[in-house]
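Undergrad: below: sequence and its predicted model.
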Amino acid sequence: MIETTNSISMNKFTSTVLALLFVGIISLGLVVIFPFNHAAYAHTFSGGESAAFLALVKILQADSHLVQASIASSNVTSAQEHIKAVAEHLDANTTKELTERNKLVANDLTKAINDLQNTVNSKPAPTEEAIKGKVDRIDALLQEAIGVRIEKSQLNNSTVKGQAVGDIVNETLERYREAYGIEEGKGSAGHNTIVNMADYQSAQAIAAKAQEMFNEAKQLIPANSTSTTISAIAKLGNDLSTLKSDIDSKAPYDKVVTLINDTIQPSLKAAFNLP
């Protein structure tokens, strides 16, 4: 009887030890796995990547608001062109980067843009009120996206926002080229009139966003900056105003190219110490 009791006790002891070992192995596995999962979401975005994202937000805002304006003026075709541009600019790579920081925000933003596109393409034509609610939703999600995607140190960095100004200016020129129907890499000869009004509207709106981003960046310049920096900031502000004015007046494409390459880009470098 004593041997049987000892045997039972030993069996219980062995079972307990095995159970603890099993739990330990599982726990060790989780500890080993966790760093890999953590590393997958530990991507630190460079200043240039953050600048590109800030620029993208302004561009998406410009086109999404043009969707609303187009519906308000009963121009459904124009609205469809602008929402198409929004959907194309929020590409898979951008969504992936945002997902690394907040999957919910990335999914909600994608759904909101798809929802707006489906509404604009529906029949009968949607009302302005219906579109406004969806555009407001996208605006709110874009602001939330900035909060989760951009490090605070970069969001408060004048150089990062200065780079974003440059990215927005480049997109302005891209849309202006397409407004004139000029193929990428080809000359502008024979392209003297606007042939794509939706792209022209986008060029106007995005040029205004360049000024908006410039004003945000300018506020981050230290008050005790050198007179050279202060002069460069003032000049850049004037240059961006000229860009907006030239586009509003439908200046020749080559004139706008020259303004950007020979005047705005050097001013940007001087004002925000860009490489």
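TA: Thanks, I have the structure now.

Undergrad: could you pull up the residues touching Asn156?
TA: Shown in contact with Asn156 (CB atoms under 8 Å, 6 or more residues apart in numbering): Leu220. C-beta: built from backbone N, CA, C; applies to glycine.

Undergrad: cool, the one 10 residues further on as well?
TA: For Gly166, the contacting residues are 51, 265, 268, 274, taking CB under 8 Å, 6+ apart as the criterion.

Undergrad: and the second one, how many neighbours?
TA: For Gln265, the number of neighbouring residues by other CB atoms under 10 Å comes to 16.

Undergrad: and the gap between it and Tyr180?
TA: 21 Å (CB to CB, to the nearest Å).

Undergrad: ok, now the last one?
TA: Leu274 sits 28 Å away from Tyr180, taking CB to CB as the criterion.

Undergrad: now do the third one
TA: Leu268 sits 24 Å away from Tyr180, taking CB to CB as the criterion.

Undergrad: check Asn273 too.
TA: 34 Å.

Undergrad: got the end-to-end distance for stretch 221-229?
TA: Counting by CA to CA, to the nearest Å, you get 9 Å between the two ends of stretch 221-229.

Undergrad: pLDDT on that stretch, on average?
TA: Mean pLDDT, computed over stretch 221-229, is 91.

Undergrad: how far off centre is that stretch?
TA: 29 Å (CA atoms, centre = their mean, to the nearest Å).

Undergrad: kindly report the same for stretch 200-207.
TA: 17 Å.

Undergrad: could you give me the average pLDDT of it?
TA: Taken as a whole, stretch 200-207 carries a mean pLDDT of 98.

Undergrad: residues in contact with that stretch: which ones?
TA: Residues outside stretch 200-207 that contact it (CB under 8 Å, 6+ apart) are 58-59, 62-63, 65-66, 78, 82, 85, 168-169, 171-173, 175-176, 179, 194, 240, 243-244, 247-248, 250.

Undergrad: restricted to buried residues, select those in PyMOL.
TA: Buried residues among the contacts of stretch 200-207 (16 or more other CB atoms under 10 Å), as a PyMOL selection:
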select buried, resi 58+59+62+63+65+66+78+82+85+168+169+171+172+173+175+176+179+194+240+243+244+247+250
